[in-house]
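Trainee: Sharing a sequence plus its predicted fold:
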Protein chains: 2
Amino acid sequence: MTIYDISEKAGVSIATVSRVLNGSAKVSPATRKKVLDVIDACGYAPNAFARGLGLRSLRTIGILCADSSDLFLAKAVYYLEQTLQEHGYESLLCCTGYHQEVRRSYMDLILSKKVDSIILVGSNFIGTTGEENQYIREASAQVPIMLLNASYDYPNVYSILCDDYTSMYEAAAAMLNAGITEILYLYNSLSYSGRRKLDGFTAAVKERGIPDYERLIHRYPGDPQQMSAVADFVAAAAEQSPAFHGVIASEDPLAIGAMKYAAQRGIRVPEDLSVIGYNNSMLADCCTPELTSVDNRLKTQTHQLVQTLLRVLDGEEMPKQSVFSGKLIRRGSTIF
Amino acid sequence: MTIYDISEKAGVSIATVSRVLNGSAKVSPATRKKVLDVIDACGYAPNAFARGLGLRSLRTIGILCADSSDLFLAKAVYYLEQTLQEHGYESLLCCTGYHQEVRRSYMDLILSKKVDSIILVGSNFIGTTGEENQYIREASAQVPIMLLNASYDYPNVYSILCDDYTSMYEAAAAMLNAGITEILYLYNSLSYSGRRKLDGFTAAVKERGIPDYERLIHRYPGDPQQMSAVADFVAAAAEQSPAFHGVIASEDPLAIGAMKYAAQRGIRVPEDLSVIGYNNSMLADCCTPELTSVDNRLKTQTHQLVQTLLRVLDGEEMPKQSVFSGKLIRRGSTIF
């Protein structure tokens, strides 16, 4: 029994059911009664229903993220919590790791805490099969699910994301336009976001007819934040690959690992090697030269997510997907 | 009505009350009855009491940290959650920011979620006045409070920390022993931990009779993670201060800011300037040369904390304070 079933049985829109559940004044008494009767008949009381009966919402939002020590995820969580707090909401965060089973269990835990909504931070929460995403569909029957930097098309699920495909395409195009055509592409994850980046890069080099580009695409299997290990990996990759004069990485730490490799070999950055990272994290400021990196507008994304969430809780119809464009922030690691 | 009141009225130790509340088999039926009678008479049912009556613990731990985007705090939270998970505990994290009012409110929220214990991550949770710490004393009446990298002497509060005083003293001594006596000390916080570091540094330079050392101690007022702003601050500080050939910072980003200042002025690191950071964060690996930094044994601390917590929940008597020693990790930013 979900709010979709209620909507169907009562013959009203999901938005109307949502308004009733949230106690919105915008619903006529007759419609309100119709919806409550259906809920009554089914003997079902979702968390949101308690609010519909006039009980105070706890004004608490659940946040799930895989790993709070990942720079990108940590920053996203920070912005979300700040913005929610400004709007009078507290948040409960669970760091779930990357195992499906643990995630399900955390989803149950956070739902049991009577949150008004759940935010999933990072594209790694979305699997490639329907079965992998079942826990999200089930949860969406109870509360609105907000996805940050991921996309999943399902009722009561709202996606806010950066267009990683175009952002990476444009980063690659900028390098190609500067005359650098042999580009090592370094990535570590094939999450939704990871695949989009890889596809964007591939489209750009294909379009230019760059030969043999596949031989310069390398997946780093370890923890990207171990930058010395990344440097060793790039050194090994360089031995098996054609020569390259550019590096584009799917995350800043991978790019910094490539810069470490260059420093060890006496390869000058940016004169001999241009390097582009992704996420525009604080690491980009730490290295010498500073790292050119794609800013995926994280702060803008988090604000949009909270705005969407507040309106959804208020019973408004909101866009299911909000997409932002990233921006290349040029620093000393590129000649262009 | 707290477990201390119960302990007093029942004429048994706090550990015994705790054992009863946790349903431990190590308590005699007579003692158990005595304790339950007192609780009964007072009409008081703390969360832990429910467990004592045989209800299953939810095996959930609350974690409060000020800011999940701070590298040190984020890493601490990550280690804690991993270790708790290995022992079958889930965790709920709240990022409270630095305002006292918000913290109290988060403490109430997390207590209402029926957690078995609350972990406070970082020394900034401990105030300097009794009033500031009242919310901790109140919470400790309901569940054990664990402090990571902080210390507070109160019943049912357990402190696990690095000896920041000695660690910083030894870092300063290493620099002084290398013949560098004019040392700029950069810090940004006077939390418990921040004060201990400053005191350790001061003790080392005083002991050597270094003149005028106070003129080289500077408090950076902004966000340390804005490293370019730190560089500007160091440049301004350098103009008003005596010459210096070493920098010791209370956090890695401040040290990297100092290295940025050096790079801008053509001052060579480590030949003209030795730099030491603190926390041995991933930033230490990002800069060129890599940063010598004090490792405060965060992983060891978090493991000790979880071990202590599990035993406390089991009704065992555990040390109120566990102190570890930090270790200077030498890299390219120092001549010694």
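Mentor: Thanks, I have the structure now.
Trainee: Kindly state the pLDDT recorded for residue A:222?
Mentor: At residue A:222, the model reports a pLDDT of 93.
Trainee: Run a quick check on it versus residue A:233, I expect a contact.
Mentor: Yes. Using CB atoms under 8 Å, residue A:222 is in contact with residue A:233, at 7.4 Å. (Each C-beta comes from the backbone N, C-alpha and C, glycine too.)
Trainee: between those two, who's got more neighbours?
Mentor: More crowded of residue A:222 and residue A:233, by other CB atoms under 10 Å in any protein chain shown: residue A:233, with 23 against 12.
Trainee: quick one: which helix or strand includes residue A:180?
Mentor: Residue A:180 belongs to no helix or strand when assigned by DSSP states H and E.
Trainee: ok, it to residue A:263 distance?
Mentor: 19 Å (CB to CB, to the nearest Å).
Trainee: Could you do residue A:189 as well?
Mentor: Taking CB to CB, one finds residue A:189 at 25 Å from residue A:263.
Trainee: who has more neighbours, these two?
Mentor: Set side by side, residue A:189 and residue A:263 show more neighbours around residue A:189, with 19 against 16, by other CB under 10 Å.
Trainee: residues touching that one, list them.
Mentor: Counting by CB atoms under 8 Å, 6 or more residues apart in numbering or on different chains, residue A:189 makes contact with A:124, A:250.
Trainee: And for residue A:221?
Mentor: So residue A:221 contacts residue A:188 (CB under 8 Å, 6+ apart).
Trainee: Checking my notes, it in a helix, right?
Mentor: No. When classified by DSSP: H, G, I helix; E, B strand; the rest coil, residue A:221 is found to be coil rather than part of a helix.
Trainee: Around residue A:64, how many other residues sit close by?
Mentor: 23.
Trainee: what's the spacing between it and residue B:71?
Mentor: Counting by CB to CB - residue A:64 and residue B:71 are separated by 21 Å.
Trainee: Kindly report the same for residue A:88.
Mentor: Residue A:88 is 29 Å from residue B:71, by CB to CB.
Trainee: in stretch A:209-229, what counts as buried?
Mentor: Judged by neighbour count (16 or more other CB atoms under 10 Å in any protein chain shown), stretch A:209-229 contains these buried residues: A:210, A:213, A:216, A:217, A:218, A:220, A:224, A:225, A:226, A:227, A:229.
Trainee: Dump those into JSON lines; add secondary structure and distance to residue A:8 as well.
Mentor: Output for those, formatted as JSON lines (DSSP: H, G, I helix; E, B strand; the rest coil; distance: CB to CB, whole Å):
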{"residue": "A:210", "secondary structure": "coil", "distance to residue A:8": "52"}
{"residue": "A:213", "secondary structure": "helix", "distance to residue A:8": "50"}
{"residue": "A:216", "secondary structure": "helix", "distance to residue A:8": "52"}
{"residue": "A:217", "secondary structure": "strand", "distance to residue A:8": "47"}
{"residue": "A:218", "secondary structure": "strand", "distance to residue A:8": "50"}
{"residue": "A:220", "secondary structure": "coil", "distance to residue A:8": "48"}
{"residue": "A:224", "secondary structure": "coil", "distance to residue A:8": "46"}
{"residue": "A:225", "secondary structure": "coil", "distance to residue A:8": "48"}
{"residue": "A:226", "secondary structure": "coil", "distance to residue A:8": "51"}
{"residue": "A:227", "secondary structure": "helix", "distance to residue A:8": "53"}
{"residue": "A:229", "secondary structure": "helix", "distance to residue A:8": "54"}
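Trainee: ok, and which of those residues reach chain B?
Mentor: When contact is defined as CB under 8 Å from any CB of the partner chain, the buried residues of stretch A:209-229 meet chain B at A:225, A:227.
Trainee: Which of the buried residues of stretch A:209-229 sits closest to residue B:6?
Mentor: Of all the buried residues of stretch A:209-229, residue B:6 sits closest to residue A:225, with 46.9 Å by CB to CB.
Trainee: Residue A:80 reaches residue A:65, doesn't it?
Mentor: No. Under the criterion of CB under 8 Å, residue A:80 is not in contact with residue A:65, lying 9.3 Å apart.
Trainee: Neighbour count: those two, which is higher?
Mentor: Using other CB under 10 Å, the more surrounded residue of residue A:80 and residue A:65 is residue A:80, with 29 against 26.
Trainee: Tell me which residue of the stretch 201-336 of chain A lies closest to chain B.
Mentor: Taking CB to the nearest CB, chain B has its nearest neighbour within the stretch 201-336 of chain A at residue A:286, 3.8 Å off.
Trainee: Where does residue A:92 sit: helix, strand or coil?
Mentor: Assignment for residue A:92 (three-state DSSP): strand.
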